[in-house]
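Enquirer: Everything below, folded, please.
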Amino acid sequence: MTTWIEISGPVKGEAADAIADALLEAGALAVDVADLHAQSDAEQPIFGEPGMALDQRWADSRIAALFESSVATDELDALWQVLRNDAAHALGPHEFRVVPETDWVRATQAQFEPIEITAGLWIVPTWCEPPDAKAINLRVDPGLAFGTGTHPTTRLCLQWLSRLPLADRKVLDYGCGSGILAMAAAALGAADVFGVDIDPQAIATARDNTSANALNVQYAVSDVVLNDQYDVVVANILAGPLTVLAPAICAHVKSGGQLALAGILTPQIERIQNAYAPWIAMTVADERDGWVLMTGTRR
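Expert: Below you'll find the predicted structure:
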């Protein structure tokens, strides 16, 4: 069986960046930096958006580097001591761990279990049995498109949709990703559901997921084909795109229609409110782990 050797230890602040680079240059196959206090009361959440440079670092991190098992531990001992000296002792003492070969498919699947969104709505991977056969069980596997129900923003949107009277209503999922919100709207009784995304792969994934769940949702790349307004519009993207897209998104909300926006961090609330103010007064409807759901009704 193939094995690797991991060397790890605590590191202070921004020193982790330089040490990670040095470990990679020394032949590490991979380097991981994580909050030293993760899963404890001292855990320090750091949020960011894709493409955004992070200006925060954990005060205390754990850095771990993976090497071929053929590398002698005394060589790694010496390397670590050099790094400690160069980092003015911002790097702490190290420890070794043998990392065995793993069935990563099985290990990945083990991380995803059925998720109860509400008492009557579950997200269930295809390799799991639904815990409640009488509930709405959306079968969605982790894939190339965002939206498996595990992220706080997805759960906030799903819970909001589950509280709405969707019968005979038209729903638009703007930035549909995996299609999970569009599928939920259809399963919850919406009369007409449409999903759009700029990513062709997301649209392909959404169509596959929808077919597997025997639901009726129409999908398209971008919103070029949209010339209609909807009773309910939900957009779970990120604050940056939501700000830029405010006129386009609001144009698809009918008078008296409801809009929900997610992918927004608490410090970004005012930015979103200002962007949507000409059409809809957006307010915070729910919050989870630093992410907020904002909703409003078009005047």
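
Enquirer: Find the helix or strand that the closest residue to residue 148 other than its chain neighbours is a member of.
Expert: Spatial nearest neighbour of residue 148, excluding adjacent residues (C-beta to C-beta, 6 or more residues apart in numbering): residue 142 at 5.2 Å. Any C-beta I mention is one placed from the backbone N, CA and C, and that applies to glycine too. Using DSSP states H and E, residue 142 falls within no helix or strand.

Enquirer: again with residue 273
Expert: helix 269-276.

Enquirer: List the buried residues in that helix.
Expert: Buried residues in helix 269-276, counted by 16 or more other C-beta atoms under 10 Å: 269, 272, 273, 275, 276.

Enquirer: partner strands of the next helix or strand after it, parallel or antiparallel?
Expert: Counting by DSSP H and E, the next helix or strand C-terminal to helix 269-276 is strand 283-288. Strand pairing for strand 283-288, determined by DSSP bridges: strand 291-297 (antiparallel).

Enquirer: what angle do the partner strand and helix 269-276 make?
Expert: Angle of strand 291-297 versus helix 269-276, following axes from the mean of the first three to the mean of the last three C-alpha atoms, to 10 degrees, is 30 degrees.

Enquirer: Give me the distance between strand 291-297 and the centre of its chain.
Expert: In terms of C-alpha atoms, centre = their mean, to the nearest Å, the centre of strand 291-297 is set 17 Å apart from its chain centre.

Enquirer: and if you look at stretch 166-177?
Expert: Distance, centroid of stretch 166-177 to centroid of chain: 20 Å (C-alpha atoms, centre = their mean).

Enquirer: End to end on it, go ahead and measure it.
Expert: End-to-end distance for stretch 166-177: 21 Å, by C-alpha to C-alpha, to the nearest Å.

Enquirer: Pull out the buried positions in that stretch.
Expert: In stretch 166-177, counting by 16+ other C-beta under 10 Å, buried: 166, 169, 170, 171, 172, 173, 174, 175, 176, 177.

Enquirer: And stretch 179-196, by the same measure?
Expert: 179-188, 190, 192-196.

Enquirer: can you check stretch 252-264 too?
Expert: 252, 253, 257, 258, 259, 260, 261, 262, 263, 264.

Enquirer: Same check on stretch 82-94?
Expert: Those would be 83, 84, 87, 90, 91, 92, 94, for stretch 82-94 by 16+ other C-beta under 10 Å.

Enquirer: Name the single longest strand found in this structure.
Expert: strand 253-265 (DSSP state E).

Enquirer: Could you give the average pLDDT over that strand?
Expert: Confidence for strand 253-265, expressed as mean pLDDT, is 97.

Enquirer: Excluding chain neighbours, give the residue nearest to residue 298 in space.
Expert: residue 253 (4.4 Å).

Enquirer: contacting residues for that neighbour?
Expert: Contacts of residue 253 were listed using C-beta atoms under 8 Å, 6 or more residues apart in numbering, and they are 229, 230, 233, 259, 279, 280, 298.

Enquirer: For the closest residue to residue 20 other than its chain neighbours, grab phi and psi.
Expert: Spatial nearest neighbour of residue 20, chain neighbours left out: residue 31 (4.5 Å); criterion: C-beta to C-beta, 6+ apart. Main-chain torsions, residue 31, degrees, to the nearest 10: phi -130, psi 130.

Enquirer: Among the contacts of residue 253, find me the one that's closest to residue 202.
Expert: Set against residue 202, the nearest of the contacts of residue 253 by C-beta to C-beta is residue 233 (17.5 Å).

Enquirer: Look up how far residue 124 lies from that closest one.
Expert: 26 Å (C-beta to C-beta, to the nearest Å).

Enquirer: now swap in residue 78 and tell me
Expert: Residue 78 is 51 Å from residue 124, by C-beta to C-beta.

Enquirer: sorry, back to before: the longest strand of the chain versus helix 269-276: what angle between them?
Expert: Here strand 253-265 runs at an angle of 160 degrees relative to helix 269-276 (the same axes, to 10 degrees).

Enquirer: Within the sheet, what are the partner strands of strand 253-265, with directions?
Expert: Strand 253-265 sits in its sheet next to strand 230-236 (parallel), strand 291-297 (antiparallel), going by DSSP bridges.
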